Structures are given as C-alpha cells and as structure tokens.
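Engineer: what would the 3D arrangement of this be:
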Amino acid sequence: MSEMFNIKAVARSDKGKGASRRLRREGLVPGIIYGGGKEPEMIATLHNKLLQHLEHEAFYSSIVNVEVDGKVQRVVLKDLQRHPAKPFVLHFDLQRVADTDRIKMNVPLHFVGEENAPGVKAGGAISHAMVDLEIICEAQNLPEYIEVDVSGMEVGDMIHLSDLKLPEGVDIVALSHGDSHDHDELVVAIHAKGGSASSGEEGEEEATEESASEEE
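Structural biologist: Prediction:
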C-alpha cells in the first residue's frame, strides 16, 4: 500500500477562466473531484501545499485523503496541468476511489542492483527503455512503485514486461490485451558500451549477409 497524503481544500462555485485567475492570484489552484457515482465537485487548494506534495514521487501513485469543508474523501491524482513556462500548477483532477475499485494508474519503476550486475561489472551499460508502468489493480493494492531487479543481468540480457515480478493483485495493462506477446515491451537491457541492445542481432545479420555474398 502506498504512503498516505492529505490535502485540505475548499469548495468553489465560480466557473470560467476569470474565476480561475482570481483563485491563482490568491495563492490557490483550482481542481475537480469526480467519480465514485457522485456528482463532480469543484475545489481549490493552496498552491504551495500542492507543490510540496508534487515533490514526492509517491504522490502520483498513492491514495490521497482530500478534505473538503470538513468532509474527507479518498482519491487518486488523475491529471495535472502545469504552466508551460513557469513553476505553476494550473489545474488538477482527482478521482474518488473505494478500496475494491479497479483503477488504472501509472507507477514508477525502481531499478535495483545495477552496481552488482555482472554485465555492468564487465563494462556494459544499462539502458532503461521505461521509467514507469501502467497497471490495473484494486485501489487497496495500489503499489507505490514496481521494483525491477537487474542484479543478475549479463551483457546482452534483457527484461521485458512479462519478466517483471508484480505485487499480488496487480496486472500490467499492456499485457491484458488479446495477444500479450505483441505488447511484451522491453523494460531494461545491458549492452556493450558503444553498441545498443540490438547490436548483437544486427551484427549477426550483417555477418550472414557477408557470408552469403562471398558464396555467390
């Protein structure tokens, strides 16, 4: 279960860009809570407090307690709009969740054991093809992150989605499609420095072509 965060917010009734600008001048950021079979609620919270939460990686993949005028609701962060040039949050979306609700979330990947990997000790370089992963699970099983152990990898080794060890009750969205083999993407690989994860395969193809031309 992820770390618990708490947000204090107030209800708001004004709509439109003008109302949002007024809130931002007052140090507030507008947001909305939706889902859970209830009507959407427009809210606002202190911008600086929200920024403090956003500095924590776990906030993006955690169940959050949001208190609106004394009433607490359990939510997850579903969307965040930032200013393109300034360190400001323009708007945020929260989705209500119950423990048994199945939700889709992106959670970070934590790679462990890199310094002990035989391939790294032999001079290879690690290439991360992914930094986060879209999962589906009940809200009560939402992990803060997915750990990827690379400590046993040699040069040329690869880890794909199907190789990941997941917490109980957690599934990978990409592998839930009809043909999971077509969606079994690369997560991490170790390759020789100066090459790439696929350089070995390309080298084999080139050697085959050269051999064939010599026979001709």
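
Engineer: would you list the phi and psi of the nearest residue to G36 once chain neighbours are set aside?
Structural biologist: Nearest non-adjacent residue to G36, counting by Cβ to Cβ, 6 or more residues apart in numbering: R96, 3.2 Å away. Where you see a C-beta, it was placed from the backbone N, CA and C, and this is true even at glycine. Dihedral angles phi and psi of R96 (degrees, to the nearest 10) take the values phi -70, psi 140.

Engineer: now swap in A122 and tell me
Structural biologist: According to degrees, to the nearest 10, A122 has phi -80, psi 0.

Engineer: residues near it, how many?
Structural biologist: Under the neighbour criterion other Cβ atoms under 10 Å, A122 is assigned a count of 11.

Engineer: S13 sits in which helix or strand?
Structural biologist: Taking DSSP states H and E as the definition, S13 sits outside all helices and strands.

Engineer: can you count the residues close to it?
Structural biologist: Number of residues near S13 (other Cβ under 10 Å) recorded here: 6.

Engineer: may I have the phi/psi pair for it?
Structural biologist: Backbone geometry at S13, expressed as degrees, to the nearest 10, gives phi -120, psi -20.

Engineer: close enough to count as contact, it and M42?
Structural biologist: Yes: in this structure S13 lies within contact range of M42 using Cβ atoms under 8 Å: 7.0 Å.

Engineer: now the strands for the chain?
Structural biologist: Using DSSP state E, the strands of the chain run over 5-11, 28-35, 38-46, 64-68, 71-82, 89-96, 102-112, 124-128, 132-138, 146-149, 158-160, 171-172, 186-192.
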